[in-house]
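> coords please:
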Amino acid sequence: MSSGTLMLWVAVPYACLAIFVVGHVWRAKSGMLTWTTRSTQLLERRLLRIGSPLFHLGMLAVIGGHVLGILVPKAATEAAGVSEHSYHVVSVGAGTAAGVAMTLGLAVLLYRRLTVRRVRRTTTGVDRATYLLLGLVVLTGMWATVAVNLLGGGYDYRETVGPWFRSLFLLGPDPELMTGAPLIYQLHALSAFLLFALWPFSRLVHAWSAPVTYLRRSPILYRSRTGPTGLQPEGMSLVATPSRRANGSTRSKPKEIVT
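Model (predicted):
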């Protein structure tokens with residue numbers, strides 16, 4: 001086994017995973033105020049309404065397909081009565097549809113960021129690196145799905161890529177499994193691990209921040225100091241009025257902030 005094989009398929013994946021974990025811990029302890037998408041919705045909404053749902057819904061479907069195809073062994077699906085032909089048809093069909101949605105969504109978001117001046121001015125160097133790696137992951141994944149498995153002769157990645165990926169997490173890496181995989185699969189795997197390494201330092205961290213607190217947060221009402229018909233140019237009162245439950249209790253105490 002060559003040193004290059006060990007470097008690409010053992011050292012690089014483990015280094016990226018270590019940066020992924022340690023980077024998130026560091027970011028959580030030192031920069032929670034920056035744990036956000038840095039949303040540009042107020043700067044442009046029309047293209048965002050198109051690109052964001054396409055990208056995120058397609059991405060969720062793609063992740064689900066990867067979990068099934070890589071983390072679930074081939075022997076498990078065969079034991080469940082799923083033949084290789086049936087798995088291939090469903091995998092290629094669903095994967096192509098999800099990949100097309102994700103690719104179109106990413107293309108719209110990239111077009112928006114490049115052509116809308118106010119959005120472009122908010123783009124940082126980390127954002128550019130994120131889009132570059134994300135685009136590489138999406139394009140290599142689409143090439144493997146469409147060009148190799150849909151239009152080409154096909155390739156059973158569950159005999160090489162899947163076992164190699166699982167071997168990393170079982171702490172018994174088998175790098176030789178990846179040496180026989182097609183180049184497009186190798187590029188897809190490496191670009192994905194590099195994206196993992198960049199993840200904690202980018203706006204991608206918002207993926208771990210589900211806004212569940214909004215479901216139980218008390219509503220906030222804005223009221224004028226002089227009443228609904230009066231004008232108060234010098235300031236407004238911000239009153240947080242708690243909603244009442246059926247038994248008369250409230251979710252939180254009312255707060256009033258005068259600005």
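> drop to CA atoms for contacts and neighbour counts, all remaining ones
Fine.
> how does the chain divide into domains?
The chain breaks down into these domains under automatic domain parsing: 3-209, 213-259.
> turn these into CSV, columns for mean neighbour count and mean pLDDT.
Listed next are the domains of the chain as CSV, based on neighbours: other CA atoms under 10 Å; pLDDT from 0 to 100:
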stretch, mean neighbour count, mean pLDDT
domain 3-209, 16, 91
domain 213-259, 12, 53
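> helix/strand/coil for the closest residue to Val116 other than its chain neighbours?
In this structure, Val116 finds its nearest non-sequential neighbour in Glu44, 7.7 Å apart by CA to CA, 6 or more residues apart in numbering. Classification of Glu44 using DSSP: H, G, I helix; E, B strand; the rest coil returns coil.
> from Ile19, how far off is Glu44?
33 Å (CA to CA, to the nearest Å).
> where along the stretch 1-150 of the chain do the helices fall?
Residue ranges of the helices in the stretch 1-150 of the chain, as given by DSSP state H, counting those that start in this stretch, are 3-6, 12-30, 46-66, 74-79, 84-115, 117-120, 125-142.
> would you reformat these as a markdown table and include distance to Trp199?
Shown next, in a markdown table, are the helices of the stretch 1-150 of the chain (distance: least, CA to CA, whole Å):
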| stretch | distance to Trp199 |
| --- | --- |
| helix 3-6 | 24 |
| helix 12-30 | 7 |
| helix 46-66 | 15 |
| helix 74-79 | 30 |
| helix 84-115 | 17 |
| helix 117-120 | 21 |
| helix 125-142 | 8 |
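> of all those helices, which one is nearest His188?
helix 125-142 (5.3 Å; CA to CA).
> show me what that closest one is packed up against.
Under the contact definition 3 or more CA pairs under 8 Å, 6 or more residues apart in numbering; DSSP states H and E, helix 125-142 sits against helix 84-115, helix 183-198.
> among the ones you listed, which is nearest Arg49?
Closest among the helices and strands packed on helix 125-142, once you apply CA to CA, is helix 84-115, at 9.8 Å.
> circling back: export the helices and strands packed on helix 125-142 to CSV and tack on distance to Ala11?
Listed next are those as CSV, based on distance: least, CA to CA, whole Å:
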stretch, distance to Ala11
helix 84-115, 29
helix 183-198, 11
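> out of those helices, which gets nearest to Ser52?
Of all the helices and strands packed on helix 125-142, helix 84-115 comes closest under CA to CA, at 6.2 Å.
> can you check what angle separates the closest one from helix 46-66?
150 degrees (axes from the mean of the first three to the mean of the last three CA atoms, to 10 degrees).
> kind regards, and thank you for your time.
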